[in-house]
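J.: let me see the structure of the following:
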Amino acid sequence: MNTITIKSQLQKLINEQDDIDVLQAIYTLLQKTSLNPVLKTKLTNRAKKAEEDIATGRILTKEEIIQKTNRIGR
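T.: So this is what the prediction gives:
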């Protein structure tokens, strides 16, 4: 499915919807996805870096994570 098809189907479904709670949920979902593009970019970049770290073996063991979090908590 491409963007145009999805938008068209969404418009049709929204136009047919009478339940205010469903419409409010859709509205809230769409608002949240467009609120902070800077945060969205930052989180996307962080996720990409994490995937690169995993692919190249730059990971911590469970024990290393526990030790690290124990040091932070002190």
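J.: residue ranges of each domain in the protein, please.
T.: 1-35, 37-74 (automatic domain parsing).
J.: quick one: the ones you listed as JSON lines, columns for mean neighbour count too.
T.: Any C-beta I mention is one placed from the backbone N, CA and C, and that applies to glycine too. Converted to JSON lines, the domains of the chain look like this (neighbours: other Cβ atoms under 10 Å):
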{"stretch": "domain 1-35", "mean neighbour count": "10"}
{"stretch": "domain 37-74", "mean neighbour count": "9"}
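J.: mind putting the ones you listed in JSON lines, mean pLDDT included?
T.: Shown next, in JSON lines, are the domains of the chain (pLDDT from 0 to 100):
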{"stretch": "domain 1-35", "mean pLDDT": "89"}
{"stretch": "domain 37-74", "mean pLDDT": "87"}
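J.: ok, residue 60 - contacts?
T.: Contact analysis of residue 60 by Cβ atoms under 8 Å, 6 or more residues apart in numbering lists residue 68.
J.: look at it and give its secondary structure.
T.: In three-state terms, and counting by DSSP: H, G, I helix; E, B strand; the rest coil, residue 60 is coil.
J.: got the phi/psi numbers for it?
T.: Backbone torsions of residue 60, given as degrees, to the nearest 10, read phi -100, psi 150.
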